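> based on what follows, work out the 3D shape:
(one chain, ligands or ions: 1)
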Amino acid sequence: MKALKLIGPFKQLVTMANLPLKGALTDDQLTIIEDAGILIENEQIKEIGLFTVMLSEAKQTEIEVIALQGNHVCLPGFIDSHTHICFGGTRAKDYAMRNAGKTYLEIAKAGGGIWDTVTQTRKAASEELIKKTLKRTKQHLKNGVTTIEVKSGYGLSVEEELKMLRAIKNANSQTPLDLIPTCLAAHMKPKDFSGSNAEYLNEISTTLFPILKEEKLTNRMDAFIEESAFSKEDIRPYFKKAKEIGFDITVHADQFSTDGSAIAVEFEAISADHLEASTKNEIELLAKSNVIATALPGASLGLGCNFTPARKLLDAGCALAIASDHNPGSAPMGDLLTQAAILQTFEKLSNAEVLAGITFRAAAALNLNDRGQLKEGLLADFALFHTDNYNEILYHQGAFKPCMVFKNGALVYDKHQTN
Ligand SMILES: [Zn+2]
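Modelled structure (predicted):
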């Protein structure tokens, strides 16, 4: 294989570069290069420019040329910064019961709820978890997603959380996409743990944290801060220990009640995710901080609840990422592009704000600075759409899928060749 590769021409190349990390964006702030080409060296973008000029230079050197037919719009590969795609079982029955008006308790009594997913995930062999995670990864790839965060949190014991995180690591080695693992052992206190919340968290931080570091299973520590899960008092010693060991912090915050965002700010978390219940106070607090605010429209759609106040967060000056929250209980759809497009209509977001939320702002939510934009030196991760205008993409509300996806400079999905 030749080291250098030229791809193009793209009718429009939307770089998502030179935009502020925080605050509202308008579409006229976007840098759009017409009739563009991308020169790739190894896994990275070496140059972006006019395709015809680059092509005539390429003819004089040893460059592989991938010449596209018809009109294509090129965007950075999408980044889904919050998912729970490693799990066993299904919650289709819960979903039907909830929509039919059954209460949380009635569903739990019928054997449903998160504990069902924990039970099914614990029962699943590693191989099965790896296979299922890879299958869901493929589904995201067809949407143009090239980086996916994947949480543990359905094991809820040292041993079972390790099984999940090792399965995620293994799945990552079998897919061209990047799976970014996060430990969510603090999802809830497991039913079969007889001690207090504090005792459970202490056991996890004392026993699990050192193994995670030793086996390099994750750099990220998440917690669900909610009345039904962990209080801010529960979580402070846990996060303190996580920070001391060097984990990045991320928080499931303000989904139903509002303590989570304050904890995220207090611990300088990389991101605070959910925020459906955030009020003016929480929004102002987040806007003053460097915490990325992540909207999860998939959870709102799955539960039939309010959306994250994305417009207010942006107008207050927050950095807004948008992620799928793909999980068996509240967000089974797992279609980031559709969800982002739906959030856009309800929250009145510009195309630039939505695209930023699933590209460079989502990269920031994962503390990654090597992707999310198309510019020299970054990873050559991009998605191509068969159209002459980028406005068409969100206009079709997720029904318009990419025709090709490149990851680290390699073609990893081609709609024409797969079903
Ligand atoms: Zn989640």
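
> use CA for all of it now, contacts and neighbours both
OK.

> which residue is the nearest non-sequential neighbour of Pro309?
Nearest in space to Pro309, with sequence neighbours left out and distances taken as C-alpha to C-alpha, 6 or more residues apart in numbering, is Glu276 at 6.5 Å.

> against Phe307, how distant is that neighbour?
Between Glu276 and Phe307 the distance, using C-alpha to C-alpha, to the nearest Å, works out to 6 Å.

> mutual contacts of these two, please.
Taking C-alpha atoms under 8 Å, 6 or more residues apart in numbering as the contact criterion, the residues that touch both Glu276 and Phe307 are Ala295.

> could I get the full set of helices for the stretch 101-250 of the chain?
Using DSSP state H, counting those that start in this stretch, the helices found in the stretch 101-250 of the chain span residues 104-109, 114-123, 126-141, 158-174, 197-203, 209-214, 232-245.

> related to what we said a few turns ago, now for the residue nearest to Pro309: which residues touch it?
Under the criterion of C-alpha under 8 Å, 6+ apart, the neighbours of Glu276 are 254-256, 295, 306-309.

> can you do 6 Å?
Taking C-alpha atoms under 6 Å, 6 or more residues apart in numbering as the contact definition, Glu276 lies against 255, 307-308.

> quick one: pLDDT of the residue sitting furthest away from the middle of the chain?
Relative to the C-alpha centroid of the chain, counting by C-alpha atoms, centre = their mean, Gln60 is the outermost residue, at 41.2 Å. Model confidence at Gln60, expressed as pLDDT, equals 78.

> what does Ser228 give?
Model confidence at Ser228, expressed as pLDDT, equals 87.

> how many neighbouring residues does the closest residue to it other than its chain neighbours have?
Setting aside the residues directly before and after it, Ser228 is nearest to Met188 in space (C-alpha to C-alpha, 6+ apart), at 7.9 Å. Met188 is surrounded by 22 other residues when neighbours are defined as other C-alpha atoms under 10 Å.

> then the one 3 residues further on?
When neighbours are counted by other C-alpha under 10 Å, Lys191 registers 10.

> can you list phi and psi of it for me?
Reported as degrees, to the nearest 10, the phi and psi values for Lys191 are phi -60, psi -30.

> just the mean pLDDT for stretch 290-301, thanks.
In this model, stretch 290-301 carries a mean pLDDT of 98.

> could I get the buried residue list for stretch 387-397?
For stretch 387-397, a neighbour-count test (16 or more other C-alpha atoms under 10 Å) marks 387-388, 390, 393-394, 397 as buried.

> closest one of those residues to Trp115?
Distances from Trp115 to those, taken as C-alpha to C-alpha, are shortest for Gln397 (33.4 Å).

> surely the closest one is within a strand?
No. With DSSP: H, G, I helix; E, B strand; the rest coil as the criterion, Gln397 is located in coil rather than a strand.

> residue contacts, Gln12?
Contacts for Gln12 were tallied using C-alpha under 6 Å, 6+ apart; they are 33-34, 73.

> if we use 7 Å, what do you get?
Residues in contact with Gln12 (C-alpha atoms under 7 Å, 6 or more residues apart in numbering) are 32-36, 72-74, 388-389.

> quick one: strands adjacent to the helix or strand where it lies?
Secondary-structure element containing Gln12, defined by DSSP states H and E: strand 4-14. Looking at strand 4-14 with DSSP bridges, its paired strands and their directions are strand 32-41 (antiparallel), strand 64-67 (parallel), strand 73-76 (parallel).

> rank those strands by pLDDT, which is bottom?
Within the strands paired with strand 4-14, confidence is poorest for strand 64-67, with a mean of 93 (mean pLDDT).

> restricting to C-alpha, output it in CSV.
Output of strand 64-67 as CSV, limited to C-alpha atoms (Å, rounded to 0.1, in the frame of the first residue of the first chain):
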residue,chain,number,x,y,z
GLU,A,64,-2.8,6.5,-4.7
VAL,A,65,-5.8,8.3,-6.0
ILE,A,66,-9.4,7.5,-5.0
ALA,A,67,-11.5,9.5,-7.5
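
> for it, which outside residues touch it?
Counting by C-alpha under 7 Å, 6+ apart, strand 64-67 makes contact with 2, 4-9, all of which sit outside it.

> any buried residues in it, and which?
For strand 64-67, the buried set under the neighbour-count rule, 16+ other C-alpha under 10 Å, comprises Glu64.

> sorry, back to before: in strands, which of the buried residues of stretch 387-397 appear?
Secondary structure assignment by DSSP state E places none of the buried residues of stretch 387-397 in strands.

> could you work out the most separated pair of those residues?
Pairwise distances across the buried residues of stretch 387-397 peak at 17.0 Å for Asp388 and Gln397 (criterion: C-alpha to C-alpha).

> re earlier: list phi and psi for the residue farthest from the centre of the chain.
phi -90, psi -10.

> that older thread, how about the strands paired with strand 4-14 in a markdown table, adding distance to Ile211?
Putting the strands paired with strand 4-14 into a markdown table (distance: least, C-alpha to C-alpha, whole Å) gives the following:
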| stretch | distance to Ile211 |
| --- | --- |
| strand 32-41 | 36 |
| strand 64-67 | 44 |
| strand 73-76 | 35 |
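
> please identify the most buried of those.
With neighbours defined as mean count of other C-alpha atoms under 10 Å, the strands paired with strand 4-14 peak in mean count at strand 73-76, which reaches a mean of 29.

> and the contacts of that one?
10-15, 359, 372-374, 381-390.
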